[in-house]
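S.K.: Here's my sequence, what's the structure:
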Amino acid sequence: MRISGRTLMVATALLLCTGCAGMTAPGQKTTARKPPQVNLAGFPKAYKEGYVDACDSSKDNKRYKTDQQYKQGWQDGGFACKKTAASSAKSRTAWAGTE
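M.R.: Numbers count the residues shown, from 1 in each chain. Model (predicted):
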């Protein structure tokens, strides 16, 4: 089976376009954010937003400097999400037998 040059170019262009489909520009927040896998009920709105921003690896620098609740949520969320990510990576390598 032989693939023509045109077919290869079209396939490559489609792959390049779909690879960037879910990306956002630096500093741009997405509108559909996944909620964290923790119960943040009872926490102030600013704390929750900071927590979610940290898990999304984004930060509102101005707000981080001026809003103590946002800052605390961002710090807590960053710690929790990094710990979860590290645990997941360790589980995947152990399952694959590469640990």
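
S.K.: quick one: low-confidence ranges for this protein?
M.R.: For the chain, the stretches flagged by pLDDT under 70 are 1, 8-36, 83-99.

S.K.: So which residues of it form helices?
M.R.: Secondary structure of the chain by DSSP state H: the helices cover 5-19, 45-55, 61-66, 68-96.

S.K.: any idea how far residue 79 is from residue 53?
M.R.: Distance, residue 53 to residue 79, by CB to CB, to the nearest Å: 13 Å. The C-beta positions use only the backbone N, C-alpha and C, and glycine is treated the same way.

S.K.: More neighbours: those two, which one.
M.R.: residue 53 (21 against 11; other CB atoms under 10 Å).

S.K.: I'd guessed the more buried one sits against residue 74; true?
M.R.: Yes. If you go by CB atoms under 8 Å, residue 53 and residue 74 touch, sitting 5.8 Å apart.

S.K.: Could you pull out the residues contacting both of the two?
M.R.: residue 59 (CB atoms under 8 Å, 6 or more residues apart in numbering).

S.K.: For residue 59, list the residues it contacts.
M.R.: 53, 74 are the contacts of residue 59 under CB under 8 Å, 6+ apart.

S.K.: Then the one 10 residues further on?
M.R.: Residue 69 makes contact with 44, 46, 47, 50 under the criterion CB under 8 Å, 6+ apart.

S.K.: out of the residues you listed, which one sits closest to residue 67?
M.R.: Comparing those against residue 67 with CB to CB picks out residue 46 as the nearest, at 5.4 Å.

S.K.: For the closest one, grab the count of nearby residues.
M.R.: Around residue 46 there are 17 residues (other CB under 10 Å).

S.K.: hang on, isn't it packed against residue 73?
M.R.: Yes. Judged on CB under 8 Å, residue 46 makes contact with residue 73 at a distance of 6.7 Å.

S.K.: Return the backbone torsion pair for residue 3.
M.R.: Residue 3 adopts backbone torsions of phi -100, psi 130, taken as degrees, to the nearest 10.

S.K.: Now for it, how many residues are close by?
M.R.: Neighbours of residue 3 under the rule other CB under 10 Å: 8.

S.K.: how far away is it from residue 52?
M.R.: Counting by CB to CB - residue 3 and residue 52 are separated by 45 Å.
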